[in-house]
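Undergrad: got a predicted structure plus its sequence, pasted below:
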Amino acid sequence: MSATPIKALAVFSALALLAGCSGAMQQKAAEEMMENAIEKEAGGDADVDIDAAGKMRVTTKEGTFTTGNQLPADWPKDAPSYAGAEVQYAMSTNPATGKPGAAVVLMTDDGMQEVANFYTDALKANGWSIESTMNGADTTIMAATKDGRTFSLAIVSADGQTTITVGIENAE
């Protein structure tokens with residue numbers, strides 16, 4: 001997917017999550033509004049479906065984009081996810097052009113170092129090679145690779161909460 005449709009999808013993802021809390025008519029109106037905006041931006045047909053839980057799936061000629069508040073169904077089995085953390089946001093893409101991938105934002109009450117230790121151990125145990133780690137007072141950033149894929153991780157602690165952002169990019 002080109003950068004412009006992806007930006008549009010990110011904006012509309014937030015609207016979709018709000019639409020998931022609304023009635024069926026408002027949800028359908030939100031779907032149609034997003035379809036029209038995406039079609040205008042991308043220059044082709046778009047199909048937007050939002051379920052009652054707020055999960056959104058956008059399909060265009062360039063591929064699919066899915067958001068929700070649980071791990072994507074296609075989350076790689078060898079990609080660790082922090083147990084007990086609450087999924088704040090999740091998305092996956094499967095473009096016809098470009099690189100497919102997925103991302104999640106998780107929240108936990110556990111400390112940053114505990115989370116960082118978990119990911120270091122779990123990535124190694126699942127055969128990932130940790131390429132870099134940067135540690136700050138309240139932030140840890142890590143990158144790992146395996147089989148042409150990149151696992152990017154940011155762990156940030158603030159106000160007694162730890163936010164975990166994971167992105168997985170697959171080779172073309």
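TA: Perfect, I can see it now. Numbers count the residues shown, from 1 in each chain.

Undergrad: now the strands for this structure?
TA: 46-50, 56-60, 63-68, 86-95, 101-108, 129-135, 139-146, 149-158, 161-169 (DSSP state E).

Undergrad: adding distance to Glu32 and mean pLDDT, write those out as JSON lines.
TA: (Glycine included, C-beta is placed from N, CA and C.) Below are the strands of the chain laid out as JSON lines (distance: least, C-beta to C-beta, whole Å; pLDDT from 0 to 100):
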{"stretch": "strand 46-50", "distance to Glu32": "8", "mean pLDDT": "76"}
{"stretch": "strand 56-60", "distance to Glu32": "13", "mean pLDDT": "75"}
{"stretch": "strand 63-68", "distance to Glu32": "17", "mean pLDDT": "71"}
{"stretch": "strand 86-95", "distance to Glu32": "21", "mean pLDDT": "79"}
{"stretch": "strand 101-108", "distance to Glu32": "26", "mean pLDDT": "89"}
{"stretch": "strand 129-135", "distance to Glu32": "44", "mean pLDDT": "96"}
{"stretch": "strand 139-146", "distance to Glu32": "40", "mean pLDDT": "96"}
{"stretch": "strand 149-158", "distance to Glu32": "34", "mean pLDDT": "94"}
{"stretch": "strand 161-169", "distance to Glu32": "30", "mean pLDDT": "93"}
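
Undergrad: is it possible to export these to TSV including mean neighbour count?
TA: Output for the strands of the chain, formatted as TSV (neighbours: other C-beta atoms under 10 Å):
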stretch	mean neighbour count
strand 46-50	20
strand 56-60	22
strand 63-68	21
strand 86-95	18
strand 101-108	20
strand 129-135	12
strand 139-146	18
strand 149-158	18
strand 161-169	19
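
Undergrad: compare these and give me the one nearest Asp74.
TA: Smallest distance to Asp74 across the strands of the chain (C-beta to C-beta): 5.6 Å, for strand 86-95.
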